[in-house]
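Trainee: everything below, folded, please.
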Amino acid sequence: MKKKNKAGQCLRMAASTLWHDKSPLGDFYRIHRAKSGGKGAVVVTAHKMSRIIFIMLKDKVEYNPEMLTQAPKSHTQRRIKQLERQLRQLKTVA
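Mentor: Next comes the predicted model:
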């Protein structure tokens, strides 16, 4: 997987090592590996890492692994509310 972008190569190599990592990024990689296979998971995880690095550089903040664990929780809560709203709408129609 040779590309001209050296930063992208480094991020993909770093992402491919997350298989055994017990961190939120490792969990993210394993979830996407189960969904889309190895190459897709590497690309998605490398993109996630690039967004994290960009935020760190732009806002001049340190890496906070807690923001990776909060995002899925809030997504799950939003999804539950959305499904409950759809259920209420279906009950009123039927």
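Trainee: the longest helix along the chain - contacts with which helices or strands?
Mentor: When the chain is parsed with DSSP state H, its longest helix is helix 24-59. Applying 3 or more Cβ pairs under 8 Å, 6 or more residues apart in numbering; DSSP states H and E, one finds that helix 24-59 makes contact with helix 6-16, helix 66-93. For glycine as for every other residue, the C-beta is placed from the backbone atoms N, C-alpha and C.
Trainee: buried residues in it, which are they?
Mentor: 24-25, 28-30, 32-33, 41-46, 48-49, 52 (16 or more other Cβ atoms under 10 Å).
Trainee: and what of stretch 4-22?
Mentor: Quick answer for stretch 4-22 (16+ other Cβ under 10 Å): 11, 12, 15, 16, 18.
Trainee: closest to residue 90 out of the buried residues of helix 24-59?
Mentor: residue 32 (31.5 Å; Cβ to Cβ).
Trainee: follow-up on the earlier one: reformat the buried residues of stretch 4-22 into CSV and put distance to residue 64 and pLDDT next to each item.
Mentor: What follows is these, written out as CSV (distance: Cβ to Cβ, whole Å; pLDDT from 0 to 100):
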residue, distance to residue 64, pLDDT
11, 19, 92
12, 23, 92
15, 19, 92
16, 23, 91
18, 18, 89
